[in-house]
Each structure stands twice: as C-alpha cells, then as structure tokens.
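In: below are the sequence and a predicted model for it; my questions follow.
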Amino acid sequence: MTRIVLISGSLRHDSLNTMAIATIERMLTARPEPAAAVRLAIEELPYYHQSDDESGKRHEAVHAARHLVTASDAVLISTPSYNGLVSGVLKNALDWLSRPWGDSALTDKPVAMLSASTSARGAMEAQSGLRTVLERSGAVLIAAPQVALARADAIATEDGRFTEPATVAALEALVEALLAHLSPEPAAIHGISSL
C-alpha cells in the first residue's frame, strides 16, 4: 500500500492548512485503492540543534519523524505564509528531516506542496521558499499544478475540511499528480503486438 506523510505547517487552532491536509487525508483513504495517509506532528520536534544531532544525542520525536518519512513513499506539505515565508515550526521540521546531509529522510523523496490562507494570494509566496528548502534538502518536487487556496476561511466547513467544488478539484488534481508520480503508467513498447 502506498504510504504518504502529510504535514501541516501551521499549529493554529482551526488552521486552514490543517483543514487542507484533513481533506487530502480523506481523499487518499477513500480511493478504490486507498493510500495510507499518516500525519507528522511537527510541534513535537525540539528546536534544531546541530551539535546534538552530530553527537548522536537521541531525541525520540526526531528519530520517529525521520523514520516515518524514510519509510514513506512520498510527502505532502501544506504551508501558511508567515511574513512571506514558511512558518518557523515547519522550517525547523525540515531542518531535522534534511540531516544527515546527502542521506537524509528527504533525499530523493517525492514531495508535493500547497498553501492556504485568508489572503487573496492563498499564501502562494511561501511556496517558493518551501521549494528552495526542499530542493536543497535533496527532495524531488513532483510536477503538479500549483495549489494556493485563497480566502480559504470563507470556504472552510465546521467539520474541519473543504467541500467547495473548485477547492476539492484542485486538491484532487494535486493528489492525482502525486500518485501518478509514484505509479507512472508503463511506457508503451513500440513495434511489439500481443497475439
């Protein structure tokens, strides 16, 4: 079964990014061939401390997070925009996941991203910074349409997910692009026919 780690970059109560993650989680588990969707609780990670990391000091939450991502097929991240960039707590999580350099949990890991906010731009500006961090961490950013949920507070539902058709379609397109990256259609073999 395909295993996808879901990360919300916001700790806020009633976070729009967490709602986006919850909506995607339902999509993944409701498919005819469901994928296992597992959330990474980034608030449990301590501040990144390079000396602790290099000395081998064991933080259980860090060990668990790295193992979770390493054992997954892909990662999907939803980020808010904090002063035009990703949140500090998300950047901290990615710093932990990006080590050790060249052999981290993110090395060659397929990643999809989106953003959501109350603004008219949907936190789109945070995605370029997130892209930079992920590329420098060795992750593989999948080819997918950009998803930035604008004025998402106006379409959020009380049960903590999105149901507005255009929003659902955008999230489904992102999920489909990620799954297609993980299971590409076999290339056609030219000049050979089945008898």
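Out: Received the coordinates, thanks. Here the structure is a predicted model, which is why all the values come from computation and not from measurement.
In: I'd like to know which helix or strand in this structure has the lowest mean pLDDT.
Out: Ranked by mean pLDDT, DSSP states H and E, the weakest helix or strand in the chain is helix 50-55, scoring a mean of 91.
In: so which bits of that one are buried?
Out: Across helix 50-55, burial judged by 16 or more other Cβ atoms under 10 Å covers no residue at all. Backbone N, C-alpha and C define where each C-beta goes, glycine included.
In: equivalent analysis for stretch 90-106, please.
Out: Neighbour counts using 16+ other Cβ under 10 Å place 90-99, 104-106 of stretch 90-106 among the buried residues.
In: can you give me the strands in the protein?
Out: Secondary structure of the chain (DSSP state E): strands at 3-8, 36-39, 74-79, 110-116, 140-141, 148-149.
In: can you say which of these is nearest to S51?
Out: In terms of Cβ to Cβ, the element of the strands of the chain nearest to S51 is strand 3-8, at 25.5 Å.
In: in that closest one, which residues are buried?
Out: For strand 3-8, the neighbour count (16+ other Cβ under 10 Å) marks I4, V5, L6, I7, S8 as buried.
In: mind listing what the first one touches?
Out: Neighbour list for I4: L28, A35, A36, A37, V38, S72, D73, A74, V75, L76, L178 [criterion: Cβ atoms under 8 Å, 6 or more residues apart in numbering].
In: swap in the fourth one?
Out: Going by Cβ under 8 Å, 6+ apart, I7 touches I21, R39, L40, I42, V75, L76, I77, S78, L90, A93.
In: PyMOL command for the buried members of these?
Out: Only the buried members of the contacts of I7 enter the following PyMOL selection, criterion being 16+ other Cβ under 10 Å:
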select buried, resi 21+40+42+75+76+77+78+90+93
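In: got TSV for the contacts of I7, with distance to A154 and pLDDT too?
Out: Below are those laid out as TSV (distance: Cβ to Cβ, whole Å; pLDDT from 0 to 100):
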residue	distance to A154	pLDDT
I21	19	98
R39	25	98
L40	28	98
I42	26	98
V75	28	98
L76	23	98
I77	23	98
S78	17	98
L90	24	98
A93	29	98
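In: and the residue lying closest to D108 once chain neighbours are set aside, how far from A166?
Out: Leaving aside its sequence neighbours, D108 sits nearest to V140 (Cβ to Cβ, 6 or more residues apart in numbering; 5.9 Å). Distance of V140 to A166, given as Cβ to Cβ, to the nearest Å: 28 Å.
In: same check, this time on L16
Out: Applying Cβ to Cβ, the value for L16 to A166 is 15 Å.
In: ok, these two, which is more surrounded?
Out: Taking other Cβ atoms under 10 Å, L16 and A166 do not tie; L16 has more neighbours (25 against 10).
In: wait, doesn't that one sit right on S115?
Out: No. Contact criterion Cβ atoms under 8 Å: L16 and S115 do not qualify, at 9.2 Å.
In: that'll do, ta.
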